[in-house]
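A.B. asks: Structure for this input, please:
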Amino acid sequence: MMKKLLLFFAIMLASIAKAQFPSVGILGTATTLGWSGTQPDIAMSTTDGIHYALGNMPLYTGGIKFRQDNSWPLNWGNTDWPSGVGVQDQGGMDIPVQVGVYDISFNLETKAYDFVYKFPVIGVRGAATSVDWGSVDGDILFDTSDGVTYSYHNLSLTTAGLKFRQDNDWPNNWGGDGWPSGTGIFNQDGVDIQAVEGSYDVTFNRTTLEYDFVQIFPSVGILGSATTAGWDGPDIDMQTTDGVVYTLENITLTDGGLKFRLDDQWPDNWGGTGWPSGTGIFNQNGVDIPCQAGVYNITFNLTTLAYSFEEVVAGTYNVHALAISLYPNPASDAINFSFNSTNTFSVAFYDINGRNILSFEAVNPDIALDISGFAPGVYFAKVATPAALYNLQFIKK
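C.D. replies: Here you go, the predicted model:
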């Protein structure tokens, strides 16, 4: 028993020590991050807190630094390339990277670094992408593990042209006349691949020049202090039919902050300063959308990043004003609907996360509905009559 306890504590101490390793990452103009620091550095991995590594990393021609714990007090650059010893310097020497895909190593004790060239870089640019033809920004770089097959997950496109390029420059580039798949045509000034708006998983084969754009509908959700999810999640998922426009209906928000997030993870998320509408700002740690308490229908465009919060006018449950009433509220086992009409109407129930849990058509102006099977919480009833659409809220005790 004592041996088991000692082993347990040894494992715990090893886990704690590993968790306390400082983080080391890279940033700079040679990376997709630039120097802005609005995103975490591209993290390197370590098993001992001394030797850090990053494999198959696509880089532009430009400057780079190693940095500890995502902040400037401890950072290292130098003028030696592709290997050298880092010099502590916040504003000075950047490591002069040449474009390519590299395996990178860094020793936190000696500050020795090494960039081992593996493959050329492949990326895309064009009017269909976030990097237009004349943009000074670098191409959208693809991942590769073999220098032949290059891929990119969740590329947002508009309906326009694009090209693949090698090494972030024009001498080697490929357009094409096929969509969503085809074979690249080597031509600096010729045929662009004509993309269709949407989000795609993209592959490009540098040997055969075959390309494929597979449309996907990535998950987009909301979370934050203004939501029931808080900042710890899980995200409240939105709905989409095209992977571009996402919607969420009858969501109750409180005063607080909110962000849109992709695939329930932080690398891709958007806040904003506009309320009740605006344009999303890509920023993990920055500005949250300043929500006001209420019930809203929410729209988010994954391509343009435009968002809007349309407040739902809550029913006053006044039979004379709305021709509809709902009672009792709160309710434990049953709720009653009453209408000043004998026309057919439809009722749809949604939970706090916007999921439809029950829908039906009715003609009887007085309905008693069993809700004993509903979990306690806030619910919404969307009632569509020939005259109007009503959004009612009730609480199941």
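
A.B. asks: what about this protein, any weak spots by pLDDT?
C.D. replies: 1-19, 37-38, 90, 188, 284-285, 313-324, 340-344, 353-354, 364-365, 385-391 (pLDDT under 70).

A.B. asks: so how far is residue 222 from the most centrally placed residue in it?
C.D. replies: Centroid-nearest residue in the chain: residue 262, 2.4 Å away (criterion: C-alpha atoms, centre = their mean). Separation of residue 262 from residue 222 (C-beta to C-beta, to the nearest Å) stands at 11 Å. (C-beta placed from N, C-alpha, C; glycine too.)

A.B. asks: now swap in residue 112 and tell me
C.D. replies: In terms of C-beta to C-beta, residue 112 sits 45 Å off from residue 222.

A.B. asks: Correct me if wrong: residue 300 contacts residue 307.
C.D. replies: Yes. If you go by C-beta atoms under 8 Å, residue 300 and residue 307 touch, sitting 4.6 Å apart.

A.B. asks: Pull up the overlap in contacts between the two.
C.D. replies: Counting by C-beta atoms under 8 Å, 6 or more residues apart in numbering, the shared contacts of residue 300 and residue 307 are 260, 280.

A.B. asks: dump the residue contacts of the closest residue to residue 374 other than its chain neighbours.
C.D. replies: Nearest residue to residue 374 in three dimensions, chain neighbours excluded: residue 396, at 4.6 Å (C-beta to C-beta, 6 or more residues apart in numbering). Neighbouring residues of residue 396 by C-beta under 8 Å, 6+ apart: 330, 331, 332, 371, 374, 375, 376, 377, 378, 379.

A.B. asks: List buried residues within the residues you listed.
C.D. replies: 331, 371, 374, 378, 379 (16 or more other C-beta atoms under 10 Å).

A.B. asks: out of these, who's nearest residue 119?
C.D. replies: residue 378 (53.3 Å; C-beta to C-beta).

A.B. asks: Not counting sequence-adjacent ones, nearest residue to that closest one?
C.D. replies: Nearest non-adjacent residue to residue 378 (C-beta to C-beta, 6+ apart): residue 352, at 5.0 Å.

A.B. asks: Quick one: residues contacting residue 332.
C.D. replies: Shown in contact with residue 332 (C-beta under 8 Å, 6+ apart): 372, 396, 397.

A.B. asks: My guess is the last one contacts residue 333. True?
C.D. replies: No. With contacts counted by C-beta under 8 Å, residue 397 stays clear of residue 333, the gap being 9.1 Å.

A.B. asks: which one of those two has more residues nearby?
C.D. replies: residue 333 (14 against 11; other C-beta atoms under 10 Å).

A.B. asks: Residue 112 and residue 222 - which one has more neighbours?
C.D. replies: Legend: neighbour count by other C-beta under 10 Å for residue 112 and residue 222, higher for residue 222 (25 against 14).

A.B. asks: quick one, what contacts the more buried one?
C.D. replies: With C-beta under 8 Å, 6+ apart, residue 222 has these contacts: 229, 235, 236, 238, 248, 251, 258, 259, 260, 261, 298.

A.B. asks: Is the residue nearest to the first one when sequence neighbours are not counted bridged to anything, and to what?
C.D. replies: Nearest in space to residue 229, with sequence neighbours left out and distances taken as C-beta to C-beta, 6+ apart, is residue 223 at 4.4 Å. In this structure, residue 223 bridges to residue 259 when assessed by DSSP bridges.
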